[in-house]
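1. just to be clear, the model below is a prediction. Sequence and coordinates:
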Amino acid sequence: MNVEELKSIKIDKSVDARGTSCPGPLLAAKKAIGQIEKGQVMEVLSADEGTKRDIPKWCNKKGFEYLGTIEESGFYRILLRK
Amino acid sequence: MANKKMTLALFSGSVDKLTAAGVILGGAAAEDMDVEIFVLLQAAFAFKKENAQVNDRVAEITDKKDEFLASLKRLNAPHWTEAFRTAKEMTNVKIHICGFAGKVWHGEKIDDFIDLADDIVGIGEYITAAEESDVNLFI
């Protein structure tokens, strides 16, 4: 999925974890995933470089669909579908 | 599917290593691992009620202690006790104080330690848990 396609996806829940360092964004994602339904899309905002590799691995283990990462200025938008 | 299991032999009582342990616990919590922590000698000192919030000891790169502690603040990193607490809230984490270690630091009862600690055990429990775990760490 390219960046334009990623940007066009409807976001059901946004989690802003930019104020935290590792493992803060991952834990924020874990907390928030319980608040959405299967099939819904969540984005995690993280300024932590490691998170953009952690979230795809976490999705793979937990059975969520990692959709992709959008690089913004100074942070990442990491998208996944429950 | 059963949760994966992690055991952690936590020896260190210094804030740098306890912080690292807290980060690893966060990763384990994100993955719903069952974690058993065995608080050994110097860590039992840090788990005493009167010591847990004292941040004046680092184990490594000791000449950079001030920079290290300042960076934790700059990065908004939680104190290790808070990282441990978050992990306990998010997954199944049991914290066992080694009975011998407790006595070394004049801690005889579970009430002598911060409320994160669940019980006081002998080393046999650690060996049994480590045998059954998927990941076993010594910090």
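-> Sure thing, it's come through.

2. contacts and neighbour counts: CA atoms only from here.
-> Noted.

3. any weak-confidence spans in chain A?
-> Residues of chain A meeting the criterion pLDDT under 70: none.

4. can you give me the buried ones in the longest helix belonging to it?
-> Longest helix in chain A by number of residues (criterion: DSSP state H): helix A:51-62. Within helix A:51-62, the residues scored as buried using 16 or more other C-alpha atoms under 10 Å in any protein chain shown are A:51, A:52, A:55, A:56, A:58, A:59.

5. need those in JSON lines (columns: distance to residue B:7).
-> Shown next, in JSON lines, are the buried residues of helix A:51-62 (distance: C-alpha to C-alpha, whole Å):
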{"residue": "A:51", "distance to residue B:7": "24"}
{"residue": "A:52", "distance to residue B:7": "27"}
{"residue": "A:55", "distance to residue B:7": "23"}
{"residue": "A:56", "distance to residue B:7": "25"}
{"residue": "A:58", "distance to residue B:7": "20"}
{"residue": "A:59", "distance to residue B:7": "23"}
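
6. out of those residues, which comes closest to residue B:51?
-> Using C-alpha to C-alpha, residue A:51 comes nearest to residue B:51 of the buried residues of helix A:51-62, at 32.5 Å.

7. gap between that closest one and chain B?
-> Remark: distance between residue A:51 and chain B (C-alpha to the nearest C-alpha, to the nearest Å) = 11 Å.

8. now stretch B:114-133: how far from the chain's centre is it?
-> From the chain centre to the centre of stretch B:114-133 is a distance of 12 Å (C-alpha atoms, centre = their mean, to the nearest Å).

9. hmm, who's touching it?
-> B:4-7, B:9, B:36, B:38, B:47-49, B:52, B:81, B:84-85, B:94-100, B:109-110, B:136 (C-alpha atoms under 8 Å, 6 or more residues apart in numbering or on different chains).

10. out of these, which sit inside strands?
-> Filtering these for membership in strands, criterion DSSP state E, returns B:5, B:6, B:7, B:9, B:36, B:38, B:94, B:95, B:96, B:97, B:98, B:136.

11. report the buried members of those.
-> So, by 16+ other C-alpha under 10 Å, the buried ones in these are B:5, B:6, B:7, B:9, B:36, B:38, B:94, B:95, B:96, B:97, B:98, B:136.

12. which of these sits closest to residue B:62?
-> Using C-alpha to C-alpha, these come closest to residue B:62 at residue B:9, 22.8 Å.

13. having no further points to raise, I will conclude here.
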